[in-house]
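Asker: okay, here's the prediction I keep looking at, along with the sequence it came from:
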Amino acid sequence: MHGGSSGVHRTKADLVVRKLLRIPERPAGVDQATAYSTFQKSMLISATRCTLTYVVFPFLLPFLHFLRGGAPVIGVIIGSVALVCDTFTIRRFFAIDHKWRWYFSSIAFGIMCLLSVLLVQDLSTIISRLA
């Protein structure tokens, strides 16, 4: 374990993640309440993306002909925003050295992997329609 200037002991893995995400030693304005709020927002955006993909689009698009080609575009936009928010969530938990940072980050990373699959599917649909 290594110590930061804040006196917190960090593992080598913690140091690698902090370097990868470019987290300064003492970021201003980051506390546990902010980290939880960011986590909740990013999970809400990710849940919205999944709900649109698996519930709304399959059942409503047959009735909404004008949106039929727009679903992948909407998916790319919401999925991209969700990925950015999930990244900020991980940064916040590591920035405050939250005791559950690895657990929260694992959840966020798992969701990011699922969102990435959806993003690739939507982009391939868009590209195939352009060709």
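Answerer: Arrived safely, thanks for sending. Because the structure is a prediction, the values reported are computed rather than measured.

Asker: identify the residues contacting the residue minimising distance to the centre of the chain.
Answerer: Nearest to the mean C-alpha position of the chain, counting by C-alpha atoms, centre = their mean, stands Asp86 at 2.2 Å. Asp86 makes contacts with Ser42, Ser46, Ala108, Phe109, Ile111, Met112, Leu115, as judged by C-beta atoms under 8 Å, 6 or more residues apart in numbering. C-betas here are computed from N, CA, C, even on glycine.

Asker: hang on, isn't the fifth one packed against Ile45?
Answerer: No - assessed by C-beta atoms under 8 Å, Ile111 is found out of contact with Ile45, at 9.9 Å.

Asker: so what sits against both of the two?
Answerer: The contact sets of Ile111 and Ile45 overlap at Ala82 (C-beta under 8 Å, 6+ apart).

Asker: how many other residues sit next to Phe88?
Answerer: 18 (other C-beta atoms under 10 Å).

Asker: next one: Asp97
Answerer: 15.

Asker: hey, where'd the strands end up in this protein?
Answerer: Ranges of strands in the chain, per DSSP state E, are 2-3, 9-10.

Asker: by contact count, what packs against the longest helix along the chain?
Answerer: If you go by DSSP state H, the chain has its longest helix at helix 101-130. Packing partners of helix 101-130 (3 or more C-beta pairs under 8 Å, 6 or more residues apart in numbering; DSSP states H and E): helix 32-51, helix 71-95.

Asker: between the ones you listed, which one is closest to His9.
Answerer: With C-beta to C-beta, the closest approach to His9 among those belongs to helix 71-95: 14.0 Å.

Asker: okay, the angle between that closest one and helix 101-130?
Answerer: Calculated by axes from the mean of the first three to the mean of the last three C-alpha atoms, to 10 degrees, helix 71-95 forms an angle of 160 degrees with helix 101-130.
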